[in-house]
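Asks: Got a predicted model here, sequence first, then my questions.
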Amino acid sequence: MNVKLSIVSVAAVVAFGSAVCGRAEAYDRYRVQPGDTLTAIAARHHTSVRALARINKLDPDRYLLAGAVLRVPEARPRVELMPYLVRPGDTLTQIALDHGLSVAEIARLNDLDPDGVLFAGRRLLLPAGPSKDTIRASIRRWADHYRVPRSLALALAWQESGHQAHVVSAAGAVGVMQVMPGTWRYVERFLVGRSVPRTADGNVRVGVAYLRHLLNTFGNTQLALAAYLQGERSVQTEGIYHSSRQYVANILAIADRLRDGAPLS
């Protein structure tokens with residue numbers, strides 16, 4: 001499986017309260033392929049040759065060796081947005097409840113003071129897609145179907161997307177579970193046995209089915225979660241990357257808090 005870049009997080013407590021999380025280490029790993037150049041790699045990862053050379057302590061004028069592993073800036077997600085026209089009597093709290101969001105998310109997206117006055121006629125931008133309540137119901141349903149602990153499936157999805165359906169990473173991972181196209185095809189062919197609709201619910205099904213497969217393959221939750229991020233083969237051959245350890249720890253911490261009854265924002 002290809003390495004899947006996803007949304008990753010800082011310390012677990014911060015990750016639990018954030019809609020979209022960021023890894024403490026702001027780098028992913030990239031293995032140099034035959035014919036690669038520093039210029040092409042920099043363009044692919046939305047950075048500069050100078051920055052890439054500095055990060056990896058390279059001479060930008062020297063040849064790259066195929067097989068070398070570079071540090072590259074982590075993939076940044078983008079979220080599809082939809083317009084919302086504030087109506088008389090609207091409040092940020094009510095808009096957040098109606099759309100399954102938090103007040104903090106809306107305020108951050110629109111550069112608002114969450115305690116300020118919201119004027120009718122103002123145009124806001126809100127994340128598109130089903131509400132978080134709908135997404136969480138889907139996660140619970142497919143977790144039960146595939147016999148994955150609900151808390152683990154919910155925590156993984158929170159880490160990956162903040163339970164948002166239209167998050168897309170720079171590497172092409174999509175949706176609630178941040179599924180790569182190759183992973184989706186693999187799950188359809190070998191795990192589900194038929195086409196899965198390209199919907200938010202279908203995305204959840206594919207992600208949870210793949211998590212079940214990884215749990216079966218490794219027999220170990222930490223290894224399975226690391227494989228969800230960095231790829232099944234890489235865990236089998238190289239173990240858990242150092243850069244994956246915080247990702248795994250955050251998911252397990254979120255799952256523990258969910259089992260204790262703590263709410264998601």
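Replies: All right, it came through fine.

Asks: And the helices in the stretch 101-250 of the chain, which stretches?
Replies: Under the criterion DSSP state H, counting those that start in this stretch, the stretch 101-250 of the chain contains helices at 103-110, 132-145, 150-161, 181-186, 200-218, 221-230, 232-238, 242-259.

Asks: and the fourth one, how far out from the chain's middle?
Replies: Here the centre of mass of C-alpha atoms in helix 181-186, compared against the chain's by CA atoms, centre = their mean, to the nearest Å, lies 16 Å away.

Asks: same thing with the second one?
Replies: Per CA atoms, centre = their mean, the displacement of helix 132-145 from the mean C-alpha position of its chain is 17 Å.

Asks: circling back to that earlier point, and Tyr63, which of the helices of the stretch 101-250 of the chain is closest to it?
Replies: helix 232-238 (24.5 Å; CB to CB). From N, CA and C alone the C-beta is placed, and that goes for glycine too.

Asks: list the buried ones in the closest one?
Replies: Under the neighbour-count criterion of 16 or more other CB atoms under 10 Å, helix 232-238 has Glu232, Ser234, Val235 buried.

Asks: low pLDDT regions in the stretch 151-265 of the chain?
Replies: Residues of the stretch 151-265 of the chain meeting the criterion pLDDT under 70: 265.

Asks: coming back round to it: can you lay out the helices of the stretch 101-250 of the chain as TSV showing distance to Ile41?
Replies: What follows is the helices of the stretch 101-250 of the chain, written out as TSV (distance: least, CB to CB, whole Å):
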stretch	distance to Ile41
helix 103-110	31
helix 132-145	35
helix 150-161	25
helix 181-186	20
helix 200-218	28
helix 221-230	18
helix 232-238	18
helix 242-259	17
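
Asks: Of those, flag the one that's most buried.
Replies: helix 150-161 (a mean of 26; mean count of other CB atoms under 10 Å).

Asks: Tell me what angle that one forms with helix 132-145.
Replies: 130 degrees (axes from the mean of the first three to the mean of the last three CA atoms, to 10 degrees).

Asks: quick one: helix 150-161 to chain centroid distance?
Replies: 10 Å.

Asks: Same question for stretch 234-246.
Replies: That offset, for stretch 234-246, works out to 17 Å (CA atoms, centre = their mean).

Asks: Can you give me the first-to-last residue distance of that stretch?
Replies: Terminal residues of stretch 234-246 are spaced 17 Å apart (CA to CA, to the nearest Å).

Asks: returning to what we had before: right, and the helices of the stretch 101-250 of the chain - which one's nearest Leu118?
Replies: Nearest of these (CB to CB): helix 103-110, 9.6 Å.

Asks: name the helices or strands packed onto the closest one?
Replies: Using 3 or more CB pairs under 8 Å, 6 or more residues apart in numbering; DSSP states H and E as the contact definition, the elements that helix 103-110 packs against are helix 92-99, strand 123-127.

Asks: Run through who's touching it.
Replies: 19, 81, 92-93, 95-96, 112-114, 124-127, 265 (CB atoms under 8 Å, 6 or more residues apart in numbering).

Asks: Now distance to Leu223 and neighbour count too, for those residues, in JSON lines please.
Replies: Formatted as JSON lines, these follow (distance: CB to CB, whole Å; neighbours: other CB atoms under 10 Å):
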{"residue": "Ala19", "distance to Leu223": "28", "neighbour count": "22"}
{"residue": "Leu81", "distance to Leu223": "36", "neighbour count": "14"}
{"residue": "Leu92", "distance to Leu223": "42", "neighbour count": "23"}
{"residue": "Thr93", "distance to Leu223": "42", "neighbour count": "13"}
{"residue": "Ile95", "distance to Leu223": "41", "neighbour count": "18"}
{"residue": "Ala96", "distance to Leu223": "37", "neighbour count": "19"}
{"residue": "Leu112", "distance to Leu223": "42", "neighbour count": "16"}
{"residue": "Asp113", "distance to Leu223": "45", "neighbour count": "9"}
{"residue": "Pro114", "distance to Leu223": "40", "neighbour count": "14"}
{"residue": "Leu124", "distance to Leu223": "42", "neighbour count": "19"}
{"residue": "Leu125", "distance to Leu223": "39", "neighbour count": "13"}
{"residue": "Leu126", "distance to Leu223": "37", "neighbour count": "20"}
{"residue": "Pro127", "distance to Leu223": "32", "neighbour count": "22"}
{"residue": "Ser265", "distance to Leu223": "29", "neighbour count": "16"}
